[in-house]
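Q: 3D model of this:
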Amino acid sequence: MLKQFMREVSDLLGEERVISDPSDLEAYVRDYWPYLVIKEAKGARLEPRPKVVLLPETEDEVVEIVRSAEREKTVLIPYAGGTGVLGGTLGPDQDFVVIDLGRMNWIRWFDEEAGIVDVGPGTLLIELEKWLNDRGKSLRHYPQSLPEAAIGGLVATRSSGQYSTGYGSIENFVKGLNIVIPSIGLLRIPPAPRRSLLYPLKELFIGSEGTLGIITRVYLEAVDLQERSQKISWICDDFIKSLKVAKIIVRKRVSPELFRLFDNFETQITFGDEGSLSIGMIEGEKELVKSKYDTISRIVKLNGCKLVEDKKADVWLEERFDVIKKVKDLFKVGLAFETIEVSATWGRIIDVYKHTIESLLRLKEIEYAGAHSGHFYGSGAALYFTIVFDVEKLDGVYDKIWDVVMRTTNKYGGSIGHHHGVGIQRWKWIGLEYGNNGIKLMSAIKKALDPNGVVRDLMPFKTSRCKK
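A: Residues are numbered from 1 along each chain as shown. Below is the predicted model of the structure:
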């Protein structure tokens, strides 16, 4: 079956767009899942590996590839950027094929007056942002993966960025999309400001992580570049007070567009300061920016915190995308780290934070644990835990760390995932939140749209992950 599939796609794409050289396949063995990054750094040979990688350039080619895979019972793993952190690009131990969407990288206006762009799934976010900036626009979606992330991957994982408090997350920008579904073919959902037409089909595929089909086109709404931006920073005694101040600022609808606060541990290791630091970037018209700055300043002072110089924000803004450097620096001293994001409502977020940190620090393999928050809503916020551990104890502690964060978050009323998606790793705990009936519903949707398991399975593949 795989041989026949290979003949068909070679005829369709030509041999130059069917990659089979082992050295070229190496890049598709993992994404940025820390578990495998660490394993690879320690010398492990990562498994499994795709048989080939396909490089389509058009929607029609993706349609034909999926049809052939359906006929020949071939497993396809969609790949767009590969910047996920939970193993979502991994394939099964059986033969599989990666479909890399990187050549589907067009950018063009769909409706310039509305600020809606027609974008290919392989388009790099940083290239789209440059294109928009040259035209006085911005997507204002700045995930930590900005330098390498592709649009298809961001949509498929329901990404969130550093300006989400002011502008929203990827689902707020997606006004329409096209997707190739194994049992149906090409589904076109044209862009619209909003629609009410029975099932919200667009939302079904945002965050589906390649389990229901392959995204082939995205319509995104950009915003105007703002006239002015103003940094603001302040320090509170502890993270609990920082969260309480953040709640007041958000509920009064004066929050900075970029808004981030660090607990005492992360403030110390990132900035060398005592207390809990908050930083913000306010954007808008000059008068609006000044008004918000003055209001935030007043709230900060009334709640016993103090404004600090803006260079605190500069430190983070300059280093925010350089994750690899941090990984290498820790690795040199025998340490590694994992980050896990969750969310909770205002009435539950303090308990989720306190009990999760306490439970993590009870693990003897843990060196440090801290948290920050960078995505705020009227009803609550995200928490982003950073856990530092002995790299030699990876296998013994990795799932323990995840189990503590997932179960403690669930126990105290939070959601076990905010913006990294599920991938291979988080699936183990998804039943905590959705229960058996939620799993049944997702399985039924998967079976209806992909009965032969052509695209990435809903339940993570039981892969060997790596070999010594």
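Q: looks to me like Ser336 is in a helix.
A: Residue 336: Ala, not Ser. No: read with DSSP: H, G, I helix; E, B strand; the rest coil, Ala336 is strand and lies in no helix.
Q: thought Tyr35 was touching it, still the case?
A: No: taking CB atoms under 8 Å as the definition, Ala336 is not a contact partner of Tyr35, at 9.4 Å. All C-beta spots, glycine's among them, are computed from the backbone N, C-alpha and C.
Q: overlap in contacts, those two.
A: Residues touching both Ala336 and Tyr35 by CB atoms under 8 Å, 6 or more residues apart in numbering: Leu394.
Q: which residues touch stretch 192-205?
A: Outside stretch 192-205, the residues that touch it by CB under 8 Å, 6+ apart are 155-156, 171, 174-177, 179, 187, 189, 212-213, 215, 445.
Q: what does stretch 88-96 give?
A: The contact list for stretch 88-96 (CB under 8 Å, 6+ apart) reads 2, 28, 30-31, 47-48, 50-51, 74-77, 79, 82, 98, 156-157, 209-210, 421-424, 456-457, 460-465.
Q: from Arg217, how far off is Gly152?
A: Between Gly152 and Arg217 the computed distance is 9 Å (CB to CB, to the nearest Å).
Q: please identify which of those two sits among more neighbours.
A: With neighbours defined as other CB atoms under 10 Å, Gly152 and Arg217 compare such that Gly152 has more, 29 against 22.
Q: next SSE after the helix or strand where that one lies?
A: In the assignment (DSSP states H and E), Gly152 maps to helix 151-156. The first helix or strand that comes after helix 151-156 along the chain, using DSSP H and E, is helix 164-167.
Q: distance between that next one and the chain's centre?
A: 15 Å (CA atoms, centre = their mean, to the nearest Å).
Q: looking only at pLDDT, what's the mean for it?
A: Average pLDDT, helix 164-167: 97.
Q: in terms of contact, does Ile282 touch Ser229 like I think?
A: Yes: using CB under 8 Å, Ile282 is in contact with Ser229, at 6.7 Å.
Q: among these two, which residue is more densely surrounded?
A: Ile282 (24 against 14).
Q: returning to that earlier point: and the helix holding Gly152, how far out from the chain middle?
A: Remark: helix 151-156 is offset 9 Å from the chain centroid, using CA atoms, centre = their mean.
Q: for that helix, packing partners?
A: Applying 3 or more CB pairs under 8 Å, 6 or more residues apart in numbering; DSSP states H and E, we find helix 151-156 packed against helix 125-133, strand 214-221.
Q: so which of these is the most surrounded?
A: Among the helices and strands packed on helix 151-156, the stretch with the highest mean neighbour count (mean count of other CB atoms under 10 Å) is strand 214-221, at a mean of 25.
Q: picking that back up, need the residues that contact the helix holding Gly152.
A: 78, 80-84, 88, 101, 104, 119-125, 128, 141, 143, 159, 170, 174, 177, 205-210, 215, 218, 220, 421.
Q: what's the closest of the contacts of stretch 192-205 to Ala381?
A: The closest of the contacts of stretch 192-205 to Ala381 turns out to be Glu171 (CB to CB; 17.3 Å).
Q: list the buried residues for the helix holding Gly152?
A: Ile151, Gly152, Gly153, Leu154, Val155, Ala156 (16 or more other CB atoms under 10 Å).
Q: now swap in stretch 383-400 and tell me
A: Quick answer for stretch 383-400 (16+ other CB under 10 Å): 383-389, 391, 393-394, 397-398, 400.
Q: adding secondary structure, pLDDT and distance to Ser278, write the residues you listed out as JSON lines.
A: Converted to JSON lines, the buried residues of stretch 383-400 look like this (DSSP: H, G, I helix; E, B strand; the rest coil; pLDDT from 0 to 100; distance: CB to CB, whole Å):
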{"residue": "Leu383", "secondary structure": "strand", "pLDDT": "98", "distance to Ser278": "14"}
{"residue": "Tyr384", "secondary structure": "strand", "pLDDT": "97", "distance to Ser278": "14"}
{"residue": "Phe385", "secondary structure": "strand", "pLDDT": "98", "distance to Ser278": "18"}
{"residue": "Thr386", "secondary structure": "strand", "pLDDT": "95", "distance to Ser278": "17"}
{"residue": "Ile387", "secondary structure": "strand", "pLDDT": "96", "distance to Ser278": "22"}
{"residue": "Val388", "secondary structure": "strand", "pLDDT": "94", "distance to Ser278": "22"}
{"residue": "Phe389", "secondary structure": "strand", "pLDDT": "94", "distance to Ser278": "27"}
{"residue": "Val391", "secondary structure": "helix", "pLDDT": "92", "distance to Ser278": "31"}
{"residue": "Lys393", "secondary structure": "helix", "pLDDT": "92", "distance to Ser278": "33"}
{"residue": "Leu394", "secondary structure": "helix", "pLDDT": "93", "distance to Ser278": "33"}
{"residue": "Val397", "secondary structure": "helix", "pLDDT": "95", "distance to Ser278": "31"}
{"residue": "Tyr398", "secondary structure": "helix", "pLDDT": "95", "distance to Ser278": "31"}
{"residue": "Lys400", "secondary structure": "helix", "pLDDT": "96", "distance to Ser278": "31"}
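Q: so Ala33 sits against Leu46, correct?
A: Slight slip there: residue 33 is Trp, not Ala. No: applying CB under 8 Å as the test, Trp33 and Leu46 come out as separate, 10.3 Å apart.
Q: looking at the two, which has the bigger crowd around it?
A: For the pair Trp33 and Leu46, the greater number of neighbours falls to Trp33 (22 against 18), based on other CB under 10 Å.
Q: kindly provide the distance from the more buried one to Val422.
A: For Trp33 relative to Val422 (CB to CB), the value is 12 Å.
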